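Asker: what would the 3D arrangement of this be:
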Amino acid sequence: MRALNGGFRTVVIRSVSGAKSRDENRFAWFRVQLSTSSRARLEGGWTTLTESADPRPMIPLIPSRRHALRALRSRRSEPRAGFTLIEILVVIVVIAILATLVAPNIFQHVGAAKSATAKSQIEMLGAALDAYRLDNGSYPTTEQGLAALWEKPTVDPPNNWRSPYLRKPVPLDPWGRAYAYLSPGQANPQGYDLVTYGADGKPGGEGEDADITSWK
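Answerer: Take a look at the predicted model:
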């Protein structure tokens, strides 16, 4: 093939090497611009170049299936860039801001849930105390305490004490303290006083610290 000095020639590349599969046995024709060499070294091996007078626009070289798979595997094996230190710090700051906005509301709901639980437990204990009174004629004394609802008292044991008046042992209040029981009571001299002093464990208070009683 006659070469052009310093120029380019439109040629057709006919692959003749590395053909092993049925697809590779087919002759693939590609139109490219090459320098004035009659032979070119490609990735698949030496390839014969023949001159072509095809006036159609040139198209890019189409790689073989083997070369395409090799390029795809090399791309997958390339390491991916991780997060920078600035990006991590930004995420931490955003999380901290969200925590300051959301945490107070969460804690407020937790306190309200504990107060509601205490009220439910006082009502449950009140029903058990009423059942105890029906069997024994009076409420347990202060000395006998709420434990008389689960086990027969050893102090002044009643004659008509029956099976436990609770399905489970006497629970603690939602803050982990025992309910204060007094019989006869100060607020109810004819009955009993049952109270929990809230989160702070002290008489009085507001919100989660407020007292929860059986007579209010």
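Asker: measure Ala127 to Tyr179 for me?
Answerer: Distance, Ala127 to Tyr179, by Cβ to Cβ, to the nearest Å: 14 Å. All C-beta spots, glycine's among them, are computed from the backbone N, C-alpha and C.
Asker: which one's more surrounded, those two?
Answerer: Of the pair Ala127 and Tyr179, Tyr179 is the one with more neighbours under other Cβ atoms under 10 Å, namely 20 against 12.
Asker: in this model Gly145 seems to touch that one, though I could be wrong.
Answerer: No. Using Cβ atoms under 8 Å as the test, Tyr179 is too far from Gly145 to be in contact (9.5 Å).
Asker: averaged pLDDT, the lengthiest helix in the chain. What do you get?
Answerer: Determined from DSSP state H, the single longest helix within the chain is helix 85-136. Averaged over helix 85-136, pLDDT sits at 85.
Asker: counting by contacts, list what that helix packs against.
Answerer: In terms of contacts (3 or more Cβ pairs under 8 Å, 6 or more residues apart in numbering; DSSP states H and E), helix 85-136 is packed against strand 193-196, strand 212-213.
Asker: which residues sit in contact with the residue nearest to Arg133 when sequence neighbours are not counted?
Answerer: Of all residues not flanking Arg133 in the chain, Tyr139 sits nearest, at 5.3 Å (Cβ to Cβ, 6 or more residues apart in numbering). The contact partners of Tyr139, by Cβ atoms under 8 Å, 6 or more residues apart in numbering, come to 129, 132-133, 183, 191-192.
Asker: and Tyr139, which of the three is it?
Answerer: Counting by DSSP: H, G, I helix; E, B strand; the rest coil, the backbone at Tyr139 sits in coil.
Asker: roughly how far apart are Glu143 and Tyr181?
Answerer: 10 Å.
Asker: higher neighbour count, the two?
Answerer: Taking neighbours as other Cβ under 10 Å, Glu143 and Tyr181 compare with Tyr181 leading, 23 against 10.
Asker: from what I can see the more buried one touches Gly191, true?
Answerer: No. Applying Cβ under 8 Å, one finds Tyr181 not in contact with Gly191, separated by 11.3 Å.
Asker: okay, how far is it across stretch 167-179, tip to tip?
Answerer: By Cα to Cα, to the nearest Å, the extent of stretch 167-179 from end to end equals 17 Å.
Asker: contacts for that stretch, please.
Answerer: Stretch 167-179 is contacted from outside by 114-115, 117-118, 121-122, 125, 146-147, 149-150, 194-199, 201, using Cβ under 8 Å, 6+ apart.
Asker: among the residues you listed, which ones are buried?
Answerer: 114-115, 118, 121-122, 125, 146, 149, 194-199 (16 or more other Cβ atoms under 10 Å).
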